[in-house]
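*Asks:* everything below, folded, please.
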Amino acid sequence: TVLADVVQSWAIGVPARGKQRWQAEIERRKPIVAALQAASAPPAYGIPPQQATDPFAVMNYGVTTERVNDWLGASGSDGNSFNGIPGSLGVVEGPVRVLRSEKALPLLQPGEILVAPITAPSWAAAFAGATGVITDIGGMMCHAAIVC
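*Replies:* Numbers count the residues shown, from 1 in each chain. Next comes the predicted model:
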């Protein structure tokens, strides 16, 4: 706040930064945020290992050797089924809504199954209305599983 800025600057003997400094900082960050929102992250970086053995990646993100092979198309799947690690027990049925980013969240209707590349805290409000959530990556300790 402005008052805290004035008091702190007085206490250490420097000029107050005030609103101008924060407005300038916001303006400096706007193009950075816009660039990050416009960019689409690829599903993976680098060459995948032959065997997924990292326990952190397996538990938190559901990265297994079988999943990597599925992502690379080496499993021979017909493409008409989902498989992976469930974040919680249960079976649901309903219409599916595929959303690529949180900007599309208003399209999600109550009772639909949300399908997304990944979720973040900004998606939490959608979990209350969705019948189920499916993500490209994740595991039992990922954000979607914990919040849902």
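*Asks:* please report the distance of the closest residue to residue 114 other than its chain neighbours from residue 86.
*Replies:* Spatial nearest neighbour of residue 114, excluding adjacent residues (Cβ to Cβ, 6 or more residues apart in numbering): residue 130 at 4.3 Å. Where you see a C-beta, it was placed from the backbone N, CA and C, and this is true even at glycine. According to Cβ to Cβ, to the nearest Å, residue 130 stands 15 Å off from residue 86.
*Asks:* roughly how far out does the longest helix along the chain sit from the chain middle?
*Replies:* As assigned by DSSP state H, the longest helix anywhere in the chain is helix 18-38. Distance, stretch centre to chain centre, for helix 18-38: 22 Å (Cα atoms, centre = their mean, to the nearest Å).
*Asks:* need the contact partners of it.
*Replies:* 2, 5-6, 101, 103 (Cβ atoms under 8 Å, 6 or more residues apart in numbering).
*Asks:* now that helix: average pLDDT?
*Replies:* For helix 18-38, mean pLDDT rounds to 80.
*Asks:* please save the CA atoms from the following helix or strand past that helix in PDB.
*Replies:* Using DSSP states H and E, the helix or strand that follows helix 18-38 towards the C-terminus is helix 55-61. Taking C-alpha atoms only, helix 55-61 is exported to PDB below (Å, rounded to 0.1, in the frame of the first residue of the first chain):
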ATOM      1  CA  PRO A  55       9.400 -41.800  -8.500                       C
ATOM      2  CA  PHE A  56       8.600 -38.000  -8.300                       C
ATOM      3  CA  ALA A  57       7.500 -37.900 -12.000                       C
ATOM      4  CA  VAL A  58       5.500 -41.200 -11.600                       C
ATOM      5  CA  MET A  59       3.700 -40.200  -8.400                       C
ATOM      6  CA  ASN A  60       3.100 -36.500  -9.100                       C
ATOM      7  CA  TYR A  61       2.600 -36.400 -12.800                       C
END
